[in-house]
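Asks: Sequence first, then the predicted structure, then my questions.
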Amino acid sequence: MQVAALPPAKKRFGQNFLVQPAMVERIMAAIHPQSQDLLVEIGPGPGALTKRLLPTLAHLTVIELDRDMIPALENLAAPEQLTVVQADALKMDFARLGEGDKPLRVVGNLPYNVATPIIFHILESALQIQDMHFMLQKEVVDRMVAAPGSKTYGRLSVMIQASCQVESLFTVAPGNFYPVPKVDSAFMRLLPYRPALLPETQLPAFAQIVTRSFAQRRKTLANNLRGIFSAEQLRALDIDPACRAETLDQTAFFRLAEAFAKQGSQA
């Protein structure tokens, strides 16, 4: 795609258009779309990836917020092959895009300023999602895939990994985009757990515990969870009160969430 042929990028939408054909091919290989896949692309922009997806699919749905992109996208294929939805992905009901028991596959080059909220919004429909492939800022992907004990492991790591298998597939250099961003990007895969690792009734407790645990990273878990668990209660859950949240693995947070949810049910 020639940069000169691209529409102007709009900063308010966080637009950085993918322009390198070789990178589009690498993304296609990672997604590996099949003809009958129920695939949704978020933020297609001028359609570099859309154009490559269309010949491989019986039907494709794209969600684009920028009204100025819609006419060109609609001209890429007939309506029976391409559905163009002008909407904010944060307000879309992804479960309704499904067809019966057929799960959705979601892909996109997400605006970095709202990427994390979009992912969590989609995960509200996790039971209807087969997989997700996203281009994000590399720093954010590194946090999502981080392991306990690392500097990048935190609230985002725990919350995402509780819902999905998360994999960083490859780094994408700034020169693959126009305008050229000031940061590296990464292409990632998320596979929602089926069945979910945590009962739906415990999700609010889990989110609250994780948020509180990482509220002040330098403080011990006992300090951050003061008023919720005593040191004795933490030890009973096989958790050292003197440890910090970034040392706990996922199962420890699950134990905390289960205990906290029980407290609420007994109150």
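Replies: Looks like it arrived, so ask away. Residues are numbered from 1 along each chain as shown.
Asks: Please, where are all the helices along the stretch 1-150 of the chain?
Replies: Counting by DSSP state H, counting those that start in this stretch, the stretch 1-150 of the chain has these helices, from start to end: 21-31, 48-53, 70-74, 115-123, 138-145.
Asks: any chance of those in TSV, with mean neighbour count, mean pLDDT and distance to residue 164 too?
Replies: No exception for glycine: its C-beta is placed from N, CA and C like everyone else's. TSV is the format used below for these (neighbours: other Cβ atoms under 10 Å; pLDDT from 0 to 100; distance: least, Cβ to Cβ, whole Å):
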stretch	mean neighbour count	mean pLDDT	distance to residue 164
helix 21-31	16	97	16
helix 48-53	20	97	21
helix 70-74	15	94	28
helix 115-123	19	95	7
helix 138-145	20	97	9
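Asks: of all those helices, which lies closest to residue 104?
Replies: The closest of those to residue 104 is helix 115-123. By Cβ to Cβ, the value is 8.8 Å.
Asks: who does that closest one touch, helix- and strand-wise?
Replies: strand 129-137, helix 155-163 (3 or more Cβ pairs under 8 Å, 6 or more residues apart in numbering; DSSP states H and E).
Asks: Just put these in CSV and tack on distance to residue 184, mean neighbour count and mean pLDDT.
Replies: CSV is the format used below for the helices and strands packed on helix 115-123 (distance: least, Cβ to Cβ, whole Å; neighbours: other Cβ atoms under 10 Å; pLDDT from 0 to 100):
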stretch, distance to residue 184, mean neighbour count, mean pLDDT
strand 129-137, 8, 22, 96
helix 155-163, 18, 21, 96
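Asks: Where does pLDDT dip in the protein?
Replies: Where the chain drops to pLDDT under 70, the residues are 1-15, 264-267.
Asks: For the residue in it sticking out farthest from the centre, pull up the helix or strand it's in.
Replies: Distance to the chain centre peaks in the chain at residue 232, reaching 36.4 Å (criterion: Cα atoms, centre = their mean). Using DSSP states H and E, residue 232 sits within helix 231-236.
Asks: What residues of that helix count as buried?
Replies: For helix 231-236, the neighbour count (16 or more other Cβ atoms under 10 Å) marks 231, 233-234 as buried.
Asks: Domains in this structure, by residue range?
Replies: Residue ranges for the structural domains of the chain, counted by automatic domain parsing, are given in the record as 3-192, 200-266.
Asks: Could you dump the helices and strands packed on helix 115-123 into CSV with distance to residue 148 added?
Replies: Listed next are the helices and strands packed on helix 115-123 as CSV, based on distance: least, Cβ to Cβ, whole Å:
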stretch, distance to residue 148
strand 129-137, 21
helix 155-163, 8
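Asks: Of all those, which one is nearest residue 252?
Replies: Proximity to residue 252 (Cβ to Cβ) singles out helix 155-163 among the helices and strands packed on helix 115-123, at 9.7 Å.
Asks: Return that closest one as PDB; C-alpha atoms alone will do.
Replies: Taking only C-alpha atoms (Å, rounded to 0.1, in the frame of the first residue of the first chain), the coordinates of helix 155-163 have been written out as PDB:
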ATOM      1  CA  ARG A 155      -2.900  -6.300  37.900                       C
ATOM      2  CA  LEU A 156      -3.300  -6.500  34.100                       C
ATOM      3  CA  SER A 157      -1.300  -9.700  33.900                       C
ATOM      4  CA  VAL A 158      -3.400 -11.400  36.600                       C
ATOM      5  CA  MET A 159      -6.700 -10.200  35.200                       C
ATOM      6  CA  ILE A 160      -6.000 -11.200  31.600                       C
ATOM      7  CA  GLN A 161      -4.400 -14.500  32.500                       C
ATOM      8  CA  ALA A 162      -7.400 -15.500  34.600                       C
ATOM      9  CA  SER A 163      -9.600 -15.300  31.500                       C
END
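Asks: Quick one: residues in contact with that helix.
Replies: Applying Cβ atoms under 8 Å, 6 or more residues apart in numbering, the contact partners of helix 155-163 are 116, 119-120, 123, 126, 140, 143-147, 166, 190, 192-193, 196-198, 206-207, 210-211, 213-214, 250, 253-254.
Asks: Follow the chain on from it and name the next helix or strand.
Replies: Once the chain leaves helix 155-163, the following helix or strand, as judged by DSSP H and E, is strand 164-172.
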